[in-house]
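> from the sequence below, what's the structure:
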Amino acid sequence: CSVDEACAAGSTGPMCGSCETNYKFSAANQKCEKCSTSTTWVSAFLFIGLVGIVGAAIWTIRSGEVEIPNVLKPMFGDSIHIPILGILYNMESGTLKLLWATFQIIQSINFNLSITFPYPYSAIQRYLSFFELDFLSTDCYKSGYLLSVYLASAFPIFLAIVCWSLFGVRRFMLIAIGGNIKKLWDEHMHAFLLIIYVFVPPVANKQFRALNCQELADGQSYLRADTGINCNADSYKQFVVYDACLIFVFQCLPLLYVALLFRVRHKLNPKAPNKQLALELRDHDESLASISFLFSDYKCSRWYFEILDLYRRIFFVGVLPLIGNNQTIKTYIGCGLALLSTVYFRELTPFRVEFTNFLAVIAQYVILLAFMAA
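Below is the predicted model:
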């Protein structure tokens, strides 16, 4: 709302917390922005493009070189050397995880604390809005926030179905030619665990936001994410039941991490004369290949860290907004948790690569400073 208590352009409803027709909510700028082809789809194309580039890099890059189709080989040769792709391909995966988790947490601060960072940081956040699955917003289609919760929940389920469907097809083809089924299983299990890693925190963010209602002086209660939705309405109460079921399903997924790691914990931290030999024994154990995504970046004694980090991200991006409506208290809690994370990363150094441990401490300070700035 503006100073004269009239809603800003594009905003409507109680507390100006809903967007008018042909407007969508911008998490980065904390305001309603006019829908257009570019604003509606830019995040979607950016996300799909990012996934495509990463996927192409994983499958085609060989030491920074990309194979060339036969029809183009007379002009370009057998391959093109692209240094930047080689750097990305050879970057330590623990570093990539750390950067992803840090961006994901910082991106959630705007809504969680109801603040807007100044330019140019707000502009950077706008282009990183896919971390919160903003490309699945239905505001431009008059469908409201609740439908976006369903879409955000369905998207990773769809990806998981595609992943295991492809596994079934490829397995059938490999059986016919006598291929390596174990390697195929390892690849698709890795992809499935990656889907959980990437999507559970932002989906939890959407689901928990749908439970965050704010009560006014007249006793009416409205959804904070979209005040066009009355929390006292029967339709909303029915939605809460569905949302609770979705929350239960998605919060059980980290328990899959627990089950997969706990049952082989003796292999993840093998007894050996020294730490380096223990790492080598773990890395060369073929029985662990299918779940290597969960532990390969960490020391043997920190085999459980992926579980803790997943719940840490869920708390930052999903649970923190539910802790009352006092933004100051939530800021203190965010600062406290960021400080605890800093101490944890600094003292326990969970990553096997020391540079990543150093970078992790810096990342926690960045998160702490972001909360202090808020």
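
> my guess is Ile105 is in a strand, correct?
No: residue state for Ile105 (DSSP: H, G, I helix; E, B strand; the rest coil) corresponds to helix; a strand is not indicated.

> surely it meets Asp309?
No: judged on C-beta atoms under 8 Å, Ile105 makes no contact with Asp309 at a distance of 10.6 Å. The C-beta positions use only the backbone N, C-alpha and C, and glycine is treated the same way.

> which one of the two is surrounded by more residues?
Set side by side, Ile105 and Asp309 give different neighbour counts by other C-beta atoms under 10 Å, the larger being at Ile105 (28 against 21).

> from Leu368, how far off is the more buried one?
As defined by C-beta to C-beta, to the nearest Å, Ile105 lies at a distance of 11 Å from Leu368.

> against which helices or strands is the strand or helix carrying Tyr257 packed?
Counting by DSSP states H and E, the secondary-structure element that holds Tyr257 is helix 234-262. Using 3 or more C-beta pairs under 8 Å, 6 or more residues apart in numbering; DSSP states H and E as the contact test, the elements touching helix 234-262 are helix 144-177, helix 181-209, helix 305-314.

> that helix: which residues count as buried?
Across helix 234-262, burial judged by 16 or more other C-beta atoms under 10 Å covers 236, 239, 243, 246-247, 250, 253-254, 257, 260-261.

> what number of residues lie near the residue nearest to Tyr236 when sequence neighbours are not counted?
Counting by C-beta to C-beta, 6 or more residues apart in numbering, the nearest residue to Tyr236 once its immediate chain neighbours are dropped is Ile229, at 6.0 Å. Residues lying near Ile229 (other C-beta under 10 Å) number 23.

> still on that earlier bit, next, the angle helix 181-209 makes with the helix holding Tyr257.
With axes from the mean of the first three to the mean of the last three C-alpha atoms, to 10 degrees as the criterion, the two stretches helix 234-262 and helix 181-209 enclose an angle of 140 degrees.

> now helix 234-262 against helix 144-177, angle please.
Using the same axes, to 10 degrees, the inter-axis angle of helix 234-262 relative to helix 144-177 is 40 degrees.

> go ahead and confirm Tyr145 touches Arg224.
No: using C-beta under 8 Å, Tyr145 makes no contact with Arg224, being 9.7 Å away.

> joint contacts of those two?
When contacts are counted by C-beta atoms under 8 Å, 6 or more residues apart in numbering, Tyr145 and Arg224 are jointly contacted by Arg209.

> low-confidence ranges in this structure?
Low-confidence regions of the chain, defined here as pLDDT under 70, cover residues 1-6, 10-18, 20-32, 35-91, 119-143, 324-325.

> which ones are touching Leu268?
In this structure, Leu268 makes contact with 261, 282, 288, 295, 300, 303, judged by C-beta under 8 Å, 6+ apart.

> the residue nearest to Tyr236 - that's part of a strand, no?
Yes: Ile229: assigned to a strand according to three-state DSSP.

> which ones are touching it?
Each residue near Ile229 by C-beta under 8 Å, 6+ apart is listed here: 18, 144-146, 222-223, 236.

> just checking, Asn232 touches Gln220?
Yes: A contact is recorded between Asn232 and Gln220 when judged using C-beta under 8 Å, the distance being 6.7 Å.

> from the chain's centroid, how far away is stretch 105-114?
Per C-alpha atoms, centre = their mean, to the nearest Å, the displacement of stretch 105-114 from the mean C-alpha position of its chain is 14 Å.

> now swap in stretch 364-373 and tell me
Taking C-alpha atoms, centre = their mean, one finds the center of stretch 364-373 at 19 Å from the center of the full chain.

> now Gly179: how far from Phe172?
Distance from Gly179 to Phe172, counting by C-beta to C-beta: 11 Å.

> sorry, wrong one. I was asking about Leu260.
Counting by C-beta to C-beta, the gap from Leu260 to Phe172 is 25 Å.

> next, the distance between the ends of stretch 216-231.
11 Å (C-alpha to C-alpha, to the nearest Å).

> equivalent analysis for stretch 200-220, please.
Length of stretch 200-220, first residue to last, C-alpha to C-alpha: 32 Å.

> and the contacts of Ile229 as JSON lines, adding distance to Ala9?
JSON lines is the format used below for the contacts of Ile229 (distance: C-beta to C-beta, whole Å):
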{"residue": "Ser18", "distance to Ala9": "13"}
{"residue": "Gly144", "distance to Ala9": "20"}
{"residue": "Tyr145", "distance to Ala9": "20"}
{"residue": "Leu146", "distance to Ala9": "24"}
{"residue": "Tyr222", "distance to Ala9": "21"}
{"residue": "Leu223", "distance to Ala9": "22"}
{"residue": "Tyr236", "distance to Ala9": "27"}
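
> many thanks, I have nothing further to ask.
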